[in-house]
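>>> I would like the atomic coordinates for the input below:
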Amino acid sequence: MGFFQGLLGNANNVSIETVKKEWGSLFAKDESVGVAYKLIRDYIIFTDKRLIVIDVQGLTGTKIEIKSVPYTQIVAFSITTAGVLDLNAELKIWVSSSPFAIEKKFSKDVNIYEVQGILADAIASSGKA
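The predicted structure follows:
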């Protein structure tokens, strides 16, 4: 089911070791990864300092957009839980510098309440809440 969810674009948990191996050059010396989620090629990474959204684009995946969002810049977020017939839950995050939300879908295997709790804790710890 995990592969099927990946094909549909839904995020699943990924190990911190995998994230550090593939994206270690993105992190500051004293920055640590808390939790990460992966779509087929995209990542959502929660560190102790910021949220990183990696969007691998195109058929070859040679073009990559990396959004780094300090928790202090997140002004709002929402979750939509998966329903009985739904395959996914959704997370939307609004950043102060953009009128558009960052939107990501998560498989039913991921506890969306846990994800929003991680985000809420990160925002509160940053002094924003």
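
>>> Where does W23 fall, secondary structure wise?
helix 16-23 (DSSP states H and E).

>>> elements contacting that helix?
Packed against helix 16-23, as judged by 3 or more Cβ pairs under 8 Å, 6 or more residues apart in numbering; DSSP states H and E, are the following elements: strand 33-38, strand 43-47. The way it works is simple: take the backbone N, C-alpha and C, and place the C-beta from them, glycine included.

>>> Take those and write them to a markdown table, including distance to L87 and mean pLDDT.
Shown next, in a markdown table, are the helices and strands packed on helix 16-23 (distance: least, Cβ to Cβ, whole Å; pLDDT from 0 to 100):
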| stretch | distance to L87 | mean pLDDT |
| --- | --- | --- |
| strand 33-38 | 15 | 90 |
| strand 43-47 | 18 | 92 |
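
>>> looking at those, which is closest to K108?
Closest to K108 of the helices and strands packed on helix 16-23 is strand 33-38 (Cβ to Cβ; 13.4 Å).

>>> name the helices or strands packed onto the closest one?
By 3+ Cβ pairs under 8 Å, 6+ apart, strand 33-38 packs against strand 12-14, helix 16-23, strand 43-47, helix 112-125.

>>> what's the most buried one of the ones you listed?
Comparing these by mean neighbour count (mean count of other Cβ atoms under 10 Å), strand 43-47 comes out on top with a mean of 22.
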